[in-house]
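In: Here is my input; please provide its structure:
(2 chains)
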Amino acid sequence: MNYKTENIKHIIVEKPLKLDCGKTIKDFPLAYETYGKLNKNKDNAILVFHALTGDQFVSNINPITKKEGWWVTAVGPGKAIDTDKYFVICANVIGGCMGSWGPKEIDKKTNEPYGLNFPVITIRDMVNAQETLLDYLGINKLLCATGGSMGGMQLLEFCSTFPNRTFSAIPIACSTSHSAQNIALNELARQAIMADPVWDNGKYIKKNVQPKNGLAVARMVGHITYLSEKGMQEKFGRKLQEKADYEFSFNADFQVESYLRHQGYTFVERFDANSILYITRAMDYFDLSKKFKGGLLEAFKGQKIKYLVISFSSDWLYTTKENKDIVIALNASGADVSFSEITTDKGHDSFLVNEPEFLKTLKGFLDSMHTKFRNEKRI
Amino acid sequence: MKKEFKVIADLLPQNIRVLDVGCGDGSLMSHLIQEKNIEARGLELEKENVQKCIYRGLPVIQGNAETELHQFPNQSFDYVILSQTLQAFYNPEKVLKELLRIGKSVVISIPNFGYWKVRASLLFFGKMPVTKTLPNSWYNTPNLHMCTVKDLFHFCIEKNIKIKKVIGINENNTSEIKKSNLEIKNFFSKLGIFLIG
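Out: Down below sits the predicted model:
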């Protein structure tokens, strides 16, 4: 990536944190951003967990990339998650590259960037780190925690590890563990990065270069999985890119090729290749039922959290069936759960784009939860 | 609120767990939560209704009762309610079994095909009846398995399902239906509400 991240708002987590891999870390940076104001009663805080390539800049203009925040469609003044009303918090995951402790940060022992010396982290490690932010901000119980895709995984882990820290939860387009296909697609992304000779076992960062080609291919793979077949066909079809006929070359003749190349090569500017390796690994290792030997049911047992699970009809990365499995487990454990499948052609990406039915559902649930949470606090 | 819902609500004790299958816009659920401190859950097929429930903060799962009741564990609810939907399933017997598996008791309401106006329509006009409780024409009705109060009564006996109470509704009048007055109530009730299980 091309951006400096030293001066990003962050806390230093002093509390020792035991990672799943066995190592214990402390005094590490956790970068975060907030939107809106925490009210007196502290009943309006919403924690957002970001997805694989997201960061803490949910809304407004990302001060680092100068582009719009990744969830600007849903979060902001007057939006579904209304920052005039709610206090929205988002932290960059550890392992990431937007100011939190990650593989591009300097290892104090060697005075060099970690690279592959960075420990393999898990979704639970990410969540444990973020819990300390709530303490720092003085929030005992959130109104709601939400996240899509990997954000949803973090959310499920958060709810089962800290069931008393949120009143409600909205897992969006996620699953409780990666399928073989999910792992395979992530492996494809990792292999693309590792096959780039510039990657050099993760040591590229010391030489101040980047495995741009590998990282761009990894992003292209991702982008295909975020769209639905129908959505892609409607958007691109066989349309040619600013030309009347085939060029009989390997340039981007088709619009879809040009789109993928653009996505790939703009991504390398804002993301670190090693971070992709670490974060995709964390996603693959995630298995909510593993910690609870009784299976998923145990993971949700005794929780008072009010859930709304949302899936998208054309999402083939985290299908409606996988989301329904979460609902079934929640139901079996007697939890308070709602479920809605949004009908759309926009695929997995639906939660990031302007999908009115989704945004309406999100807003309706949040506002009703806010009323309930306020009443609960009053009693 | 509909008379039917009032009758159903009166059948239920306070502070229990209820699953409302085909909960519509959540009117009954919301009444049960407010008036009886009942922990209610809904299952609803229509997207618009699901959203209405969500906006009201009612826990609702979008899904099809015909195929998705298996997700609820055995005896996980004190009462399961099915309002005027039994006749619309492909396999009402199977659905009924599922309801009895999930709930310790089951409340089912049915539009009564034995109601005298329904009978008269067929007898005197030779046409499929269209009434307030059966508002659709033969070609667009969702009702595949119409039955009478007497039919369901006999069905329960035949299948060894315990009938705890049956109430007939005609306009604003309600009355208890028993074996002894079954014939007459089957003639005068627009709607039958069965508490079984």
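In: rest of the way, CA atoms for contacts and neighbours
Out: Fine.
In: Low-confidence regions, chain B specifically.
Out: Applying pLDDT under 70 to chain B flags no residue at all.
In: tell me which parts of it are close to chain A?
Out: B:41, B:47, B:50-51, B:54-62, B:71-73, B:76 (CA under 8 Å from any CA of the partner chain).
In: Okay, and which of those residues map to strands?
Out: Counting by DSSP state E, the residues of chain B next to chain A place B:41, B:60-62 in strands.
In: Looking at those, which one is closest to residue A:157?
Out: Comparing these against residue A:157 with CA to CA places residue B:61 closest, at 21.8 Å.
In: hang on, that closest one packs against residue A:331?
Out: No - the criterion here is CA atoms under 8 Å, and residue B:61 misses it with residue A:331 at 9.7 Å.
In: Next, show the common contact partners of these two.
Out: residue A:337 (CA atoms under 8 Å, 6 or more residues apart in numbering or on different chains).
In: So between these two, which is more surrounded?
Out: Legend: neighbour count by other CA atoms under 10 Å in any protein chain shown for residue B:61 and residue A:331, higher for residue B:61 (28 against 22).
In: Any idea what the more buried one is bridged to?
Out: Under DSSP bridges, the beta-bridge partners of residue B:61 are residue A:339, residue B:43.
In: Can you name every helix or strand that the helix or strand that contains residue A:159 contacts?
Out: Using DSSP states H and E, residue A:159 sits within helix A:150-161. Here helix A:150-161 touches strand A:45-49, helix A:123-137, strand A:142-148, strand A:166-172, helix A:296-300, going by 3 or more CA pairs under 8 Å, 6 or more residues apart in numbering or on different chains; DSSP states H and E.
In: Now do the buried residues in the longest one.
Out: Taking 16 or more other CA atoms under 10 Å in any protein chain shown as the neighbour-count basis, helix A:123-137 is seen to contain the buried residues A:123-130, A:132-134.
In: Residue A:214: which of those is nearest?
Out: residue A:123 (24.4 Å).
In: Return the per-residue confidence for residue A:292.
Out: Residue A:292 carries a pLDDT value of 81.
In: Can you give me the neighbour number for it?
Out: Burial of residue A:292 is recorded as 14 neighbouring residues (other CA under 10 Å).
In: which one of the ones in strands among the residues of chain B next to chain A is nearest residue A:285?
Out: Using CA to CA, residue B:61 is the member of those that sits closest to residue A:285, with 29.1 Å.
In: Pairing partners for the residue of the stretch 51-200 of chain A found nearest chain B in the sheet, please.
Out: Proximity of the stretch 51-200 of chain A to chain B (CA to the nearest CA) peaks at residue A:168, 10.9 Å away. Beta-bridge partners recorded for residue A:168 (DSSP bridges): residue A:144, residue A:306.
In: quick one: terminal-to-terminal distance for stretch B:49-65?
Out: Start to finish, the residues bounding stretch B:49-65 are 15 Å apart (CA to CA, to the nearest Å).
In: do the same with stretch B:171-182
Out: Distance across stretch B:171-182, first residue to last, is 18 Å (CA to CA).
In: Also stretch A:340-349?
Out: Counting by CA to CA, you get 16 Å between the two ends of stretch A:340-349.
In: What count of nearby residues applies to residue B:126?
Out: By other CA under 10 Å, neighbour count at residue B:126 equals 10.
In: swap in the one 3 residues further on?
Out: Taking other CA under 10 Å as the criterion, the count of residues near residue B:129 is 20.
In: who's in contact with it?
Out: B:117-119, B:121-122, B:137.
In: Repeat that for residue A:278.
Out: Contact partners of residue A:278, counting by CA under 8 Å, 6+ apart, are A:95, A:120-121.
In: Residue A:289 - how many residues pack around it?
Out: 16.
In: Surely residue B:147 is in contact with residue B:113?
Out: Yes - between residue B:147 and residue B:113 there is a contact at 5.6 Å, judged by CA under 8 Å.
In: Neighbour count for the two, which is higher?
Out: The neighbour comparison of residue B:147 against residue B:113 (other CA under 10 Å) goes to residue B:113, with 24 against 16.
In: Skipping its backbone neighbours, what lies nearest that one in space?
Out: The shortest distance from residue B:113 to any non-neighbouring residue, by CA to CA, 6 or more residues apart in numbering or on different chains, is to residue B:148 (4.6 Å).
In: what sits against that neighbour?
Out: Going by CA under 8 Å, 6+ apart, residue B:148 touches B:110-115, B:186.
In: which stretches of chain A have low pLDDT?
Out: Checking chain A against pLDDT under 70 turns up A:294.
In: at 90 instead, please
Out: For chain A, residues meeting the criterion pLDDT under 90 lie at A:1-7, A:290-298, A:332, A:334, A:377-379.
In: center of it - which residue?
Out: Residue closest to the average C-alpha location in chain A (CA atoms, centre = their mean): residue A:51, at 1.3 Å.
In: Let me know whether it touches residue A:149 as I believe.
Out: Yes - counting by CA under 8 Å, residue A:149 is a contact partner of residue A:51 at 5.7 Å.
In: how far off strand A:142-148 does the top helix by length along chain A point, in degrees?
Out: Secondary structure of chain A per DSSP state H: the longest helix is helix A:356-378. On the basis of axes from the mean of the first three to the mean of the last three CA atoms, to 10 degrees, helix A:356-378 is oriented at 160 degrees to strand A:142-148.
In: which other residues reach helix A:356-378?
Out: Residues outside helix A:356-378 that contact it (CA under 8 Å, 6+ apart): A:43-44, A:74, A:80-81, A:143-144, A:167-168, A:308, A:342, A:351, B:51, B:54-57.
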